[in-house]
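> Using only what follows, build the 3D model:
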Amino acid sequence: MNHGIQLIPFLNLALAFIPAAVVVVIFLKWSLDFRESLHAITRMLAQLLLVGYFLAFIFESDNAFIVLGVLTLMLFASSWIALRTIKLERKHLFLKAFSAIFCGGSLTLFLISQGVLDLSPWYNPRYLIPLAGMIFSQAMNSVSLAAERMRAESDRGIAYKKARGIALRASLIPITNSLFAVGLVSLPGMMTGQILSGVSPFIAVRYQVMVMCMVYGASGIASALFLIWSKPRTAENPP
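Purely as a prediction, here's the structure:
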């Protein structure tokens, strides 16, 4: 078995943009605002190029304060992006989104890094930062879906307690679908990456089980806390 990861030439990598370009063209042909998609793709490219150099620096520095600074930045960014779909209430709900993602994400990250993996040192950036990225991003997506659905149900005049339940279920649809599909429809990113790098599938499966549990837990806890803390003062039903 070849234990090295195949290097992707830049010319070959450019081919990966073809499907994304097709989607942008569809937006354009259907008279939809394609600029957001184009902006998202461009921003993704710039961010990943920068983060490659940044991570190399962090791994070399092996400094706990730098790692904590990166995690803090990730928390602030994920909390702000999570409220992108309800911009009118963004500033008002930011602290609640931040607190929800912090509690759900940090608790899960601590359990995984110090309990499951028992990292040494505890701030090992090669593990802690990628794990935090997966946890915070999934929590961010769930809070975003919860916020949008809660706003939609409230606008329809649905009582808080019922709307809260609907929003929580909706926020977990993507990750729940992933739980059902993993191994049958998809081989998730971490498992695929490990297999491509030559790791035994049996070891890769253990890591993937850990990942699926941690992102589901972080997502559910963050969404539930956000929905509880963003309860309207006029709501009659207690959480």
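
> Would you confirm that L83 contacts E148?
No. If you go by Cβ atoms under 8 Å, L83 and E148 don't touch, sitting 9.2 Å apart. Just so you know, the C-beta spots here come from the backbone N, C-alpha and C atoms, and that holds for glycine as well.

> can you map out the helices along this protein?
Counting by DSSP state H, the chain has these helices, from start to end: 10-14, 17-29, 35-61, 64-82, 90-110, 125-155, 160-171, 173-181, 189-196, 201-229.

> so which of these gets nearest V116?
Comparing those by their distance to V116 (Cβ to Cβ), the top pick is helix 201-229, with 5.7 Å.

> elements contacting that closest one?
Using 3 or more Cβ pairs under 8 Å, 6 or more residues apart in numbering; DSSP states H and E, the elements in contact with helix 201-229 are helix 90-110, helix 125-155, helix 160-171, helix 173-181, helix 189-196.

> and V70, how many residues sit next to it?
19 (other Cβ atoms under 10 Å).

> how close does it sit to A132?
As defined by Cβ to Cβ, to the nearest Å, V70 lies at a distance of 8 Å from A132.

> Between L83 and E148, point out the one with more neighbours.
A count of neighbours by other Cβ under 10 Å puts L83 above the other of L83 and E148, at 24 against 18.

> Nearest residue to the more buried one in space, please, no chain neighbours.
In space, L83 comes closest to R90 once its chain neighbours are excluded; the distance is 4.5 Å by Cβ to Cβ, 6 or more residues apart in numbering.

> Please list all residues in contact with F76.
For F76, the contacting residues are F98, taking Cβ atoms under 8 Å, 6 or more residues apart in numbering as the criterion.

> circling back: kindly provide the distance from the residue nearest to L83 to R156.
Applying Cβ to Cβ to R90 and R156 gives a distance of 21 Å.

> Name the residue in those two with the higher neighbour count.
When neighbours are counted by other Cβ under 10 Å, R90 and R156 differ, and R90 comes out ahead with 16 against 9.

> picking up where we left off before, L11: which of the helices and strands packed on helix 201-229 is closest?
Taking Cβ to Cβ as the criterion, helix 189-196 is the member of the helices and strands packed on helix 201-229 that comes nearest to L11, at 20.3 Å.
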